[in-house]
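Student: turn this into a model:
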Amino acid sequence: MKIPVRDGTVGQIHAVTRFLLPGTGCLWCDGLINPTDLAIDMHTPTDRAAAQDVPGTPAASVLPLNALTAAEGVSHFMHAVSCLHDDDLDHANVLHSPRTRTRDLINSRTNPDCRWCAPKEQFALGDRPTGNVASS
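Tutor: Alright, predicted model coming up:
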């Protein structure tokens, strides 16, 4: 969810419902995880407050946008587990643009070398090292 503001003008607001499924791309491959933001989140609340873009400015209320994407995500999950989807291979993300009242489907990018979403042989192995796993 983003509400871009530049020079006091609100840009194109958007919210995305992302379907994170094994082998269909991840937030790293889509370039949506900022390592700097992750590092800041690991600090104390005082340090995080000092790193705010606009210190002392409260965050925008995003509850309606979060509710929109959460409801869509729950609906997609319920349809998937009950086998009611018309197309089981439709895993596109849904981009909502509330100001223009439009929705678009976008596919995730997948990096073939991604350790999180690409190597199918790694699914459900946790932190085990890569390579052949000895059977017992």
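Student: tell me the mean pLDDT for stretch 91-102?
Tutor: In this model, stretch 91-102 has a mean pLDDT of 89.
Student: for that stretch, which residues meet the burial criterion?
Tutor: 91-94, 96 (16 or more other Cβ atoms under 10 Å). Placement of C-beta: from N, CA and C, glycine included.
Student: now, which of those residues lie within strands?
Tutor: Counting by DSSP state E, these place 93-94, 96 in strands.
Student: now Ser108: phi and psi?
Tutor: With angles defined as degrees, to the nearest 10, Ser108 sits at phi -70, psi 150.
Student: the lengthiest helix in the chain: how far from the chain's middle?
Tutor: Identified as the longest helix of the chain according to DSSP state H is helix 63-81. Chain-centre distance of helix 63-81: 13 Å, with Cα atoms, centre = their mean, to the nearest Å.
Student: burial measure for Thr44, as a count.
Tutor: Around Thr44 there are 8 other residues, counting by other Cβ atoms under 10 Å.
Student: go on, Cys29?
Tutor: When neighbours are defined as other Cβ under 10 Å, Cys29 has 19 of them.
Student: looks like it contacts Asn107 (just checking).
Tutor: No: using Cβ atoms under 8 Å, Cys29 is not in contact with Asn107, being 11.1 Å away.
Student: now do the helix or strand of the chain with the lowest mean pLDDT: distance to the chain's middle.
Tutor: Taking mean pLDDT, DSSP states H and E as the measure, the helix or strand of the chain with the lowest value is helix 45-50, at a mean of 74. Relative to the chain's own centre, helix 45-50 is displaced by 24 Å; criterion: Cα atoms, centre = their mean.
Student: dump it to CSV, restricted to CA.
Tutor: Listed next in CSV are the C-alpha coordinates belonging to helix 45-50 (Å, rounded to 0.1, in the frame of the first residue of the first chain):
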residue,chain,number,x,y,z
PRO,A,45,11.7,2.6,19.0
THR,A,46,13.7,5.7,19.8
ASP,A,47,16.2,5.0,17.0
ARG,A,48,13.4,4.2,14.6
ALA,A,49,11.6,7.5,15.4
ALA,A,50,14.9,9.4,14.7
